[in-house]
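>>> sequence plus the predicted model coming up.
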Amino acid sequence: MRRVMNMQPGRARWLLALLPFALIVMVYVVGSAQRRAENPSDKVLPPFGEMSSAIHRVAFEEDKRTGEYLFWSDTGASLERLAIGLSIATALALVLGLLIGLLPIGNAMFAPMTAVMSMIPPMAILPILFIVFGLGELSKVVLIIVGVAPCLMRDLVFTVGSLPREQLVKAQSLGASTWQVLIRVALPQALPRLIASLRLALGPAFLFLISAEAISADSGLGYRIFLLRRYLAMDTILPYVAWITLLAFLMDLALAQLSRRAFPWAHGAEPKA
């Protein structure tokens, strides 16, 4: 008897992947049509035609006040903040995670503090960041760093700390110094895990970014969404949300491809995700 757990989708994989999205679209279309039939002025579930017109207006028509294409200027501002925050957070996590995970002295001194910092809710300290760093760009970037770096660092500490002891002993037996063990043994095995952790951190990073932009910003995807909510402009808000989701998905896909190409040995026959 063939078990369901042993069935492989094969060529139907893409069809199965698209099916949930098609169901969501169908439910939305039906719900939008029903609400419009009851109330022609309904703004909660705008038809796709209205969303297309709205996104064309903000993406391909200059804003009369600023002369900018708002959709692209918002995207650029948000991606710049996100890129700076994630880059700094990743660099900190890589350096400190390797040192804390490999050096017993560093682990004893900084591992407890890393664990505590990873438990701090970033949104709870957002007002503190605005007070300390002001309402400009710095506070938004720092929020991403504070929200992402400790978790990346702690995960990397676990990864390095769980390396087989015999690898470290053999490397030292061959004359490797602490620096060489760090670079040639720990680093290559930590990088695939760091990329995987960064993929998981993309969602929270976007959350921190959108939240900071919603509170204090004059541009950005989060700023535009929370500005338009005052007017119930769902025809623009929903495409913005879909665009943020697409950006996060493309970044996740790029990181996955980078990991598979740079470290194929770390993936083996793992399922695609």
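Noted; the coordinates are in hand.
>>> which parts of this protein are helices?
Counting by DSSP state H, the chain has helices at residues 13-38, 48-60, 70-102, 104-118, 126-133, 137-161, 165-173, 178-181, 187-215, 221-228, 234-262.
>>> what inclination does the fifth one have with respect to helix 187-215?
The directions of helix 126-133 and helix 187-215 differ by 90 degrees, with axes from the mean of the first three to the mean of the last three CA atoms, to 10 degrees as the criterion.
>>> distance of L258 from L191?
10 Å (CB to CB, to the nearest Å). From N, CA and C alone the C-beta is placed, and that goes for glycine too.
>>> between these two, which is the more surrounded one?
L191 (18 against 15; other CB atoms under 10 Å).
>>> of all the helices of the chain, which lies closest to V4?
Relative to V4, the nearest member of those by CB to CB is helix 13-38, separated by 13.4 Å.
>>> what pLDDT does the model give the closest residue to A262 other than its chain neighbours?
The shortest distance from A262 to any residue other than its chain neighbours is 7.5 Å, reached at L191 (CB to CB, 6 or more residues apart in numbering). Note on L191: pLDDT of 95.
>>> my guess is L191 contacts W265, does it?
No. Using CB atoms under 8 Å, L191 is not in contact with W265; the gap is 11.6 Å.
>>> distance of the residue nearest to F158 when sequence neighbours are not counted from W265?
In this structure, F158 finds its nearest non-sequential neighbour in G101, 7.4 Å apart by CB to CB, 6+ apart. Going from G101 to W265 by CB to CB gives 20 Å.
>>> which of those two has more neighbours?
Ranked by neighbour count (other CB under 10 Å), G101 and W265 place G101 first, with 24 against 8.
>>> contact partners for the more buried one?
Counting by CB atoms under 8 Å, 6 or more residues apart in numbering, G101 makes contact with 107, 156-161, 186, 190.
>>> geometric centre of the chain: which residue is closest?
By CA atoms, centre = their mean, the chain has its centre lying nearest to L202, at 1.0 Å.
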